[in-house]
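Chemist: Here's a sequence, model it:
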Amino acid sequence: MDPFENNEPRSCSNPERGAEAPAGRLPWARFSSWLECVCVVAFDLELGQAIELVYPHDVKLTEKEKTSICYLSFPDSYSGCLGDTQFSFRVRQSVGQKNSWFRDEDAYNRDAPVTIQRELAHYYGYVYFRQVKDVSVKRGYFQKSLVLVSRLPYVNLFQSLLQLIAPEYFEKLEPCLEAVCNEIDQWPAPIPGQTLNLPVMGVVMQIRIPSKNDKPGASPLKQAYKENLLPAPMVLPTVHELDLFRCFQSILIHIQMLWELMLLGEPVVVMAPSPTVSSETVLALISSISPLRYCCDFRPYFTIHDSEFKEYTTRTQAPPNVILGVTNPFFIKTFQYWPHIIRLGDLKMSGDLPKQVKVKKLTKLKTLDTKPGVYTAYKTFLHKDKALIKRLLKGIQRKRPSEVQSAILRRHLLELSQSFIIPLERYVASLMPLQRAVTPWKNPPQIRPFSQEEFMATLEHAGPQLTSVLKGDWMGLYRRFFRSPNFDGWYRLRHKEMTQKLECLHLEVICEADLLAWIKDKSEVEIVDLVLKLREKLVRARLQQLPVKDEVLQQLELYIQTIIGSLPKDLQAVLHRH
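Modeler: Down below sits the predicted model:
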């Protein structure tokens, strides 16, 4: 596996929208580190849903992307959303589009946790939809959506931003939107590990961007700078996390099953009464396996107009590894062959635990008025954690705040995911060659291949039982996990990281070696070959932004120049030219 494949430097498709320049920044450079664009989608009697405005104006969306954004920005007619509604969607980027012209993308993804990395092939849409009675309109209703399009999965930040700007926009229209976009263009770039103050419309939002070096489960934001700012900032405790307890309230007793379905990347449909419930449930489900990344496709809100509708609903092959959030009851017929369907009813937070939906047979999923339930034949590998449910129930009786209940639930899921992944991490680390096996005169040694049976043999003494009290068939769960896209994605990432670490170690031992002594008795051909190989390693290290000290790269550059200087003038000229 080559860690350097498919990592060519990205070119900008539009010279006016480039990365940050040190002195005179190019237009929208900072804006584009947060958002691709802002869209306004309105309902036209003749055209149906149509994009009324895209800002900044020079953003180039394809017709396919525009169509997807149009249809996904409105709740379908079955949701009956009157007033203001907020939800999220995710769409595939058109084939052939640039990945992202934003130059700092690689640095961001290198330092951010895998669960909040910038998307390379999809856009998120964060929607604020307003539907109110209006006698001046032919249909009798004002219907419009303000949509923030981004590659960042910052659902909490962007939905909070919409709550500030959307009501104002519906009153003052485009000039208001232009002012907001200009303010966002003054924001600092999202840098993992930093606490940022983001001013917009007279309010300062204070956030912290998580870093991959953060301790899992640690408090996301210390209110460090609050007292120094006037006006006092609106502190967002997280940019991306949802209220898990609220999202899972009617399916809490099935949390173990849902965690396993997400871990294994099983095909799941969430049928909800509104796009808000649909999108929040899907995003909460994929976050349940954190710090593992959910590597399958997921659509928080999916409609029959989606460009992947035919691809995902064909009956000629097994359902794909995706999780879809839908609100149209006619999907019941479309998805009746899928193995796992979560049918949710209207959620109303009250003083008691909402009625828990039951696990039901898939054969009962036939009519449009199908009752709420988890329709599946799936049998969990692990036993339920009854202590967790009791603790949450006690919390409800004691009127414990929802955010505290969420923290308990999140901690439980985090510990469960870590108990599962730690034995894998420990085994994969053992596949790494010993440091003493890395020598300057040979290519770095190979990483040993992953052996499922060898790993399984480690579980008796170093398995999940060391950190988890849950009983059950852990080995069966691992075997099923090995067949899932989540294992493939996790292992590819680990292999890439280990390969890069080996490359860094190799660069360090080369710099510690006496290369000048080595070349004394070597032919010109061997010396030129060494120069070319060292140059290739140097270029790769810089292109891939390997985690190697600058001094090592500078030393290598010096070695190359010194070795070239020891060659005859004609060879020197040739090597300097190339």
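Chemist: Which of the helices or strands spans residue 518?
Modeler: Assigned by DSSP states H and E, residue 518 belongs to helix 515-518.
Chemist: do residue 337 as well
Modeler: Using DSSP H and E, residue 337 sits within no helix or strand.
Chemist: what's the answer for the one 5 residues further on, then?
Modeler: Assigned by DSSP H and E, residue 342 belongs to strand 340-343.
Chemist: what's the answer for residue 142, then?
Modeler: strand 141-150.
Chemist: for this structure, what's the longest strand?
Modeler: The strand that spans the most residues within the chain, counting by DSSP state E, is strand 122-133.
Chemist: May I see the buried residues of that strand?
Modeler: Within strand 122-133, the residues scored as buried using 16 or more other CB atoms under 10 Å are 123, 124, 125, 126, 127, 128, 129, 130, 131. The C-beta positions use only the backbone N, C-alpha and C, and glycine is treated the same way.
Chemist: mean confidence for it?
Modeler: On average, the pLDDT along strand 122-133 is 92.
Chemist: Which strands and helices lie in contact with it?
Modeler: Packed against strand 122-133 by the contact rule (3 or more CB pairs under 8 Å, 6 or more residues apart in numbering; DSSP states H and E) you find helix 63-72, strand 83-92, strand 141-150, helix 155-172.
Chemist: Residue 323 versus the closest residue to residue 149 other than its chain neighbours, what's the distance?
Modeler: The shortest distance from residue 149 to any non-neighbouring residue, by CB to CB, 6 or more residues apart in numbering, is to residue 36 (4.5 Å). As judged by CB to CB, to the nearest Å, residue 36 and residue 323 stand 23 Å apart.
Chemist: quick revisit: can you give the contact residues for the strand holding residue 342?
Modeler: 251, 258, 261, 266-271, 281, 332, 335, 357, 362, 365, 370-376, 378 (CB atoms under 8 Å, 6 or more residues apart in numbering).
Chemist: Buried only: go through those residues for me.
Modeler: 251, 258, 261, 266-271, 281, 332, 335, 357, 365, 370, 372-376.
Chemist: give me the number of residues near residue 407?
Modeler: By other CB atoms under 10 Å, 16 other residues sit near residue 407.
Chemist: That one in helix, strand or coil?
Modeler: On the three-state scheme (DSSP: H, G, I helix; E, B strand; the rest coil), residue 407 is labelled helix.
Chemist: Residue 37 contacts residue 58, correct?
Modeler: No - judged on CB atoms under 8 Å, residue 37 makes no contact with residue 58 at a distance of 9.4 Å.
Chemist: Check the gap between the closest residue in space to residue 463 that isn't next to it in sequence and residue 273 for me.
Modeler: Distance criterion CB to CB, 6+ apart; nearest residue to residue 463, sequence neighbours excluded, is residue 423 at 5.4 Å. Distance, residue 423 to residue 273, by CB to CB: 40 Å.
Chemist: which one of the two has more residues nearby?
Modeler: Neighbour count, other CB under 10 Å: between residue 423 and residue 273, residue 423 has more, with 22 against 19.
Chemist: Now name the helix or strand holding that one.
Modeler: helix 402-429.
Chemist: My read is that residue 190 contacts residue 153, right?
Modeler: No - with contact defined as CB under 8 Å, residue 190 does not reach residue 153; the gap is 11.5 Å.
Chemist: all helices of the stretch 251-400 of the chain, in order?
Modeler: 255-263, 275-287, 309-313, 331-334, 386-397 (DSSP state H, counting those that start in this stretch).
Chemist: Who are the contact partners of residue 415?
Modeler: Taking CB under 8 Å, 6+ apart, one finds 467, 468 in contact with residue 415.
Chemist: That one and residue 408, how far apart?
Modeler: Separation of residue 415 from residue 408 (CB to CB): 11 Å.
Chemist: same question, residue 295
Modeler: Distance of residue 295 to residue 408, given as CB to CB: 27 Å.
Chemist: More neighbours: these two, which one.
Modeler: Neighbour count, other CB under 10 Å: between residue 295 and residue 408, residue 295 has more, with 19 against 16.
Chemist: so what pLDDT did the nearest residue to the more buried one once chain neighbours are set aside get?
Modeler: Among residues not flanking residue 295 along the chain, residue 489 sits closest, at 3.1 Å (CB to CB, 6+ apart). Note for residue 489: predicted pLDDT of 95.
Chemist: Would you check that residue 489 makes contact with residue 293?
Modeler: Yes - the pair residue 489 / residue 293 is scored as a contact, 6.2 Å apart, by CB under 8 Å.
Chemist: For the nearest residue to residue 319 once chain neighbours are set aside, give me its contacts.
Modeler: Of all residues not flanking residue 319 in the chain, residue 267 sits nearest, at 3.8 Å (CB to CB, 6+ apart). By CB under 8 Å, 6+ apart, residue 267 lies in contact with 318, 319, 320, 321, 322, 323, 338, 339, 340.
Chemist: May I ask which of those residues has the most neighbours?
Modeler: That'd be residue 323 among the contacts of residue 267, by other CB under 10 Å, with 26 neighbours.
Chemist: Could you tell me how many residues sit around residue 460?
Modeler: By other CB under 10 Å, the residues close to residue 460 number 9.
Chemist: quick one: pLDDT of it?
Modeler: The score at residue 460 is 89. That number is its pLDDT.
Chemist: In terms of helices and strands, where is it?
Modeler: Going by DSSP H and E, residue 460 is part of helix 452-462.
Chemist: I'd like the distance from that helix to the chain centre, please.
Modeler: Centroid separation between helix 452-462 and its chain, computed with CA atoms, centre = their mean, to the nearest Å, is 30 Å.
Chemist: contacting residues around that helix?
Modeler: For helix 452-462, the external contacting residues (CB under 8 Å, 6+ apart) are 423, 424, 426, 427, 474, 475, 478, 479, 482.
Chemist: just the buried members of the residues you listed?
Modeler: 423, 424, 427, 474, 478, 482.
Chemist: Check the gap between the nearest residue to the second one once chain neighbours are set aside and residue 491 for me.
Modeler: Counting by CB to CB, 6+ apart, residue 424 lies nearest to residue 455, which is 7.1 Å off, once chain neighbours are set aside. As for residue 455, its distance to residue 491 is 11 Å (criterion: CB to CB).
Chemist: Look at the two and report which has more neighbours.
Modeler: Applying other CB under 10 Å to residue 455 and residue 491 shows that residue 455 carries more neighbours, namely 18 against 15.
Chemist: Can you tell me how far the more buried one is from residue 208?
Modeler: Following CB to CB, the distance that separates residue 455 from residue 208 is 36 Å.
Chemist: likewise residue 465?
Modeler: The value you get for residue 465 to residue 208, if CB to CB is used, is 35 Å.
Chemist: So which of the two has more stuff around it?
Modeler: Set side by side, residue 465 and residue 208 show more neighbours around residue 208, with 21 against 15, by other CB under 10 Å.
Chemist: who's that one bridged to?
Modeler: For residue 208, the beta-bridge partners under DSSP bridges are residue 195.
Chemist: thinking it is in contact with residue 191, fair?
Modeler: No - shown here, residue 208 and residue 191 do not form a contact pair, counting by CB under 8 Å, at 10.4 Å.
Chemist: For the closest residue in space to residue 107 that isn't next to it in sequence, list the residues it contacts.
Modeler: Residue nearest to residue 107 in three dimensions, not counting chain neighbours: residue 545, with 6.8 Å by CB to CB, 6+ apart. By CB under 8 Å, 6+ apart, the residues touching residue 545 are 106, 107, 110.
Chemist: what kind of secondary structure is the first one in?
Modeler: To tie it back to what came earlier, the one meant is residue 106. Using three-state DSSP, the structure places residue 106 in helix.
Chemist: What separation do you get for it and residue 544?
Modeler: Distance from residue 106 to residue 544, by CB to CB: 9 Å.
Chemist: Kindly report the same for the second one.
Modeler: In this view, residue 107 and residue 544 are 12 Å apart by CB to CB.
Chemist: So which of those two has more stuff around it?
Modeler: Per other CB under 10 Å, whichever of residue 107 and residue 544 has more neighbours is residue 544, with 17 against 13.
Chemist: wait, doesn't that one sit right on residue 497?
Modeler: No - look at residue 544 against residue 497 with CB under 8 Å: they stay out of range, at 11.5 Å.
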